[in-house]
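Chemist: Output the structure for:
(chains A and B)
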Amino acid sequence: MAQQPAVQFNNISKYYLLGSRRAHMRYLLPEFLQGKRLAPSMVADERITNDHNILWALRNVSFDVRRGEVMGLIGPNGAGKTTALSLLAGIISPSDGEITVRGRIGALIKLGAGFHPDLTGRENVYLNGSILGLPKTKIDRLYDDIVQFAELEDFMETPVKRYSSGMYVRLGFSVAVHTDPEVLLVDEVLSVGDVSFQSRCLNKIGEIREAGTTVVFVSHNMHHVSSFCDRVAYMKQGAIQLIGTPGEALAAYTNDMMQQQDNQHIEDGSNMNEVNGSGRMIMTDISFLNEHGQSVDQIRYNEPLTVRVAYKTNEPVENPLLDLVIRDTTRGNMFQATNRDFAVEFGPIGRTGYIDITFERMPVNNQVLNFFFTLWNSTHTERFDWKRFIKLRVVGKPTSSGRFLFDCDWRNVPETEAVNV
Amino acid sequence: MTTDVTILKPKRPFSDSFGLLYRFKELLWVWTMREIKGRYRQSALGFGWALVQPVFQMVVISIIFGGFLRVSSGDVPYPVFAYAAILPWTFFSGSINSAVPSILQNMQLVTKIYFPREILPLSAVLSRLVDFAVASIVFIGLLWWYKIPLHVTILYVPFLLGIQIILAAAIGLLGSAISVFLRDISFAVPLAMQLWMYASPVIYPIDQVPERWRWLYMLNPMASIIDSYRRVILHGQMPDFGALSIALVTAVLLFVVAYWYFKRLEMAMSDII
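Modeler: Model prediction:
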């Protein structure tokens, strides 16, 4: 018995009929009048699979969560993570397939713990407890701990509709963990509380895990996912892409995200044949070279990078300026400088050649970088040429989430050693 | 360590429903208490409102029908005659009127956490028992004022109450589930309850109904229930068991069908909101 998984998702599909009132009213009819649309067999029917009036939240999803395991669900919005949790919690039922849950469930779905807005915090604790199947005497015993953990001593007689979203989540989380569930579902709630509450929640989840509780955890915070989960499922468009270690799943997710950044680029890179300026000196080619001198469109973080700008002039040009701007897809400039900022002058420039800009390392984390190049005359009064949105991908650490990844040393210095030094 | 195993499938067998509801009996109690406490919260009169409605109705009806129109009330004074029907009728219509919107009003809960949804309409019905008890105080006063003796047949009241609760619960289950899919129900039900009152012997005695149509009239379960209230309380007579058993069978059958239908719609509720 102990070896059986706590949660089994067996070929689960979930779809919603979209839109009209008439579609909803069909639920009221006896089955033989509902039409094939509501029959379970439709999952396999191609024509219906492609129907625009049907929203597929999950398609043939299968996974197991072992007892005592912390399972993370990651993926973009609309991937089906919350649907999966809602199915587990029994709030909605699958359109096809079968879910087995072994153990009592405690759930915290999307900021709601099942609180009634008109009731006070105290009344909601009791209501929630009785929904979770606890007798009143047990809730009496847990009550003080719940309130204390949520830090809401002064607000328990206030209706929860007057709570801030942080207070709401604190109480919800506190009830969910103190009622000692065997399977805890946590959906994206930790992002709401303040930092100190977040860390207490994470500690509590850690404690619960030690005690052998199974946890299913949805989060957009890659750091939480990688530090807490034993395994992670990466979901996309209602299907599981991959289940693996946090590292594997996060790597797959980040990779997809970058691909997406590539596709949703703000603008295409400049056409190399198109001149954007006076044209006395033009850029004919721009390439990115890795440490082996190979032309690439992707490097790993902290790898050496050379940006090669090939040029052509019809007449000699004296001391041109090359202005380089690097931006990431969403935010402003990450870098802007000209050769003169680095005290470099190019001198007289002949007919053709190239300028190399070499970076010893590129400490950027999982970004699609856009490069902008502008060629000026020496006095910055005449623009020769301008090339925009030249892209380079930099792959970083999947488990880290910042825009940059600076090199740093991590060292623990115990007190005694410090004294000896 | 005991472990509950939950299997979640597209359809749950109806036969599981009763066991599940039993497991949540504590919640049924808690929610009924909350309904009772919540209803008159923030009103100055509080439970006084449970008195005001039937009493005013009784006064108005007594003036118009008892006074002006001289509707016969047999050998009992018209106000007692009317109140004996208004009291159970107010309980009946009140419980249905609060059961029908109960699910829509609590969607915040329904979409966040699972519990058997029938708890919402059922507690709405049960919570109206308190209003009924409060309004009964006036009735006892009226009986005393008009010097109507207590009969032993009053012991049938809990039985009558039971039938009408089953009937109200059945309609409450149906109405609350359907109104999630078809909001028109929320508007139609209060109107229907008003019409139903005229189709029941609340303001007139049952023997005013033409003999020819009496059999049809008595198919209305509330007709025989209200008539029975008058018999056992005011006249010390036995209820009309023939008519009452039709009411009982109707109520129980309707309840089973309504509960089955409710459970069929239950899981689709959170799908469409």
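Chemist: Where does chain B get nearest to chain A, residue-wise?
Modeler: B:Ile113 (3.1 Å; C-beta to the nearest C-beta). To be clear about C-beta, it is placed using only N, CA and C from the backbone, and glycine gets the same treatment.
Chemist: part of a strand, is that residue?
Modeler: No. Using DSSP: H, G, I helix; E, B strand; the rest coil, the secondary structure at B:Ile113 is coil, not a strand.
Chemist: I'd guessed A:Thr83 sits against A:Leu58; true?
Modeler: Yes. Counting by C-beta atoms under 8 Å, A:Thr83 touches A:Leu58, with 5.5 Å between them.
Chemist: list residues touching both of the two?
Modeler: Taking C-beta atoms under 8 Å, 6 or more residues apart in numbering or on different chains as the contact rule, A:Thr83 and A:Leu58 both touch A:Lys14, A:Gly238.
Chemist: Those two: who's more crowded?
Modeler: A:Leu58 (25 against 22; other C-beta atoms under 10 Å in any protein chain shown).
Chemist: for the host helix or strand of B:Asp271, what is the average pLDDT?
Modeler: Using DSSP states H and E, B:Asp271 sits in helix B:241-272. Throughout helix B:241-272, pLDDT has a mean value of 92.
Chemist: show me where pLDDT drops low in the stretch 151-300 of chain A?
Modeler: Counting by pLDDT under 70, the stretch 151-300 of chain A has low-confidence residues at A:189-193, A:261-270.
Chemist: Tell me which stretches of it form strands.
Modeler: For the stretch 151-300 of chain A, the strands defined by DSSP state E, counting those that start in this stretch occupy A:183-187, A:214-218, A:231-236, A:239-244, A:281-289, A:295-296, A:298-300.
Chemist: I'd like to know which of the ones you listed is closest to chain B.
Modeler: strand A:183-187 (9.5 Å).
Chemist: The closest one pairs with which strands, parallel or anti?
Modeler: strand A:105-108 (parallel), strand A:214-218 (parallel) (DSSP bridges).
Chemist: I'd like those strands as JSON lines, with distance to A:Arg122 and mean neighbour count appended.
Modeler: Output for the strands paired with strand A:183-187, formatted as JSON lines (distance: least, C-beta to C-beta, whole Å; neighbours: other C-beta atoms under 10 Å in any protein chain shown):
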{"stretch": "strand A:105-108", "distance to A:Arg122": "19", "mean neighbour count": "26"}
{"stretch": "strand A:214-218", "distance to A:Arg122": "27", "mean neighbour count": "25"}
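Chemist: how about the residues of the stretch 101-250 of chain A that lie near chain B?
Modeler: Selection of the stretch 101-250 of chain A residues close to chain B by C-beta under 8 Å from any C-beta of the partner chain yields A:101-105, A:107, A:109-110, A:112-119, A:123, A:126-128, A:130-131, A:133, A:135-136, A:182.
Chemist: Show only the entries of those residues found in strands.
Modeler: The strands, defined by DSSP state E, take in A:Val101, A:Arg102, A:Ile105, A:Ala107 from these.
Chemist: Determine which two of the residues you listed are furthest apart.
Modeler: Taking C-beta to C-beta as the measure, those span a maximum distance of 15.4 Å, between A:Arg102 and A:Ala107.
Chemist: Name the residue closest to the centre of chain B, please.
Modeler: B:Phe92 (2.7 Å; C-alpha atoms, centre = their mean).
Chemist: and it, what are its phi and psi?
Modeler: Main-chain dihedrals, B:Phe92, degrees, to the nearest 10: phi -60, psi -50.
Chemist: surely it meets B:Tyr229?
Modeler: No. Counting by C-beta under 8 Å, B:Tyr229 is not a contact partner of B:Phe92; they are 11.0 Å apart.
Chemist: For chain B, see how far away A:Arg256 is.
Modeler: To be clear, residue A:256 is Asp; Arg isn't right here. Computed as C-beta to the nearest C-beta, to the nearest Å, the A:Asp256 to chain B distance reads 29 Å.
Chemist: these two touch, right, that residue and A:Met235?
Modeler: No. A:Asp256 is beyond contact range of A:Met235, at 11.1 Å (criterion: C-beta under 8 Å).
Chemist: what residues are shared contacts of the two?
Modeler: A:Gln241.
Chemist: quick one, which of those two is more surrounded?
Modeler: Neighbours per residue (other C-beta under 10 Å) separate A:Asp256 from A:Met235, with A:Met235 holding more: 27 against 15.
Chemist: ok, and what's touching stretch A:353-362?
Modeler: A:285, A:299, A:301-311, A:322, A:324, A:339, A:346, A:394, A:407.
Chemist: Quick one: mean pLDDT for it?
Modeler: The model assigns stretch A:353-362 a mean pLDDT of 92.
Chemist: Buried residues, it. List them.
Modeler: A:Ile355, A:Ile357, A:Phe359, A:Met362 (16 or more other C-beta atoms under 10 Å in any protein chain shown).
Chemist: Parallel or antiparallel, list what pairs with whichever helix or strand the first one is part of.
Modeler: When elements are assigned from DSSP H and E, A:Ile355 belongs to strand A:352-359. Counting by DSSP bridges, the strands paired with strand A:352-359 are strand A:305-313 (antiparallel).
Chemist: Pull out the buried residues from the strand it pairs with.
Modeler: A:Leu305, A:Val307, A:Arg308, A:Val309, A:Tyr311, A:Lys312, A:Thr313.
Chemist: Contacts only, for the fifth one.
Modeler: Contacts here follow C-beta under 8 Å, 6+ apart; on that basis A:Tyr311 touches A:Met281, A:Ile282, A:Met283, A:Thr284, A:Ile349, A:Thr352, A:Gly353, A:Tyr354, A:Ile355, A:Leu375.
Chemist: let's see it at 7 Å
Modeler: By C-beta atoms under 7 Å, 6 or more residues apart in numbering or on different chains, A:Tyr311 lies in contact with A:Met281, A:Ile282, A:Met283, A:Thr284, A:Thr352, A:Gly353, A:Tyr354, A:Ile355.
Chemist: ok, the residue in chain A sticking out farthest from the centre - contacts?
Modeler: Largest separation from the mean C-alpha position in chain A: A:Glu315, at 51.9 Å (C-alpha atoms, centre = their mean). Counting by C-beta under 7 Å, 6+ apart, A:Glu315 makes contact with A:Arg280.
Chemist: now A:Asp385, what's its secondary structure?
Modeler: Strictly by three-state DSSP, A:Asp385 counts as strand.
Chemist: List, one by one, the residues from the stretch 101-250 of chain B near chain A.
Modeler: B:Gln108, B:Leu109, B:Thr111, B:Lys112, B:Ile113, B:Tyr114, B:Phe115, B:Ile178, B:Phe181, B:Leu182 (C-beta under 7 Å from any C-beta of the partner chain).
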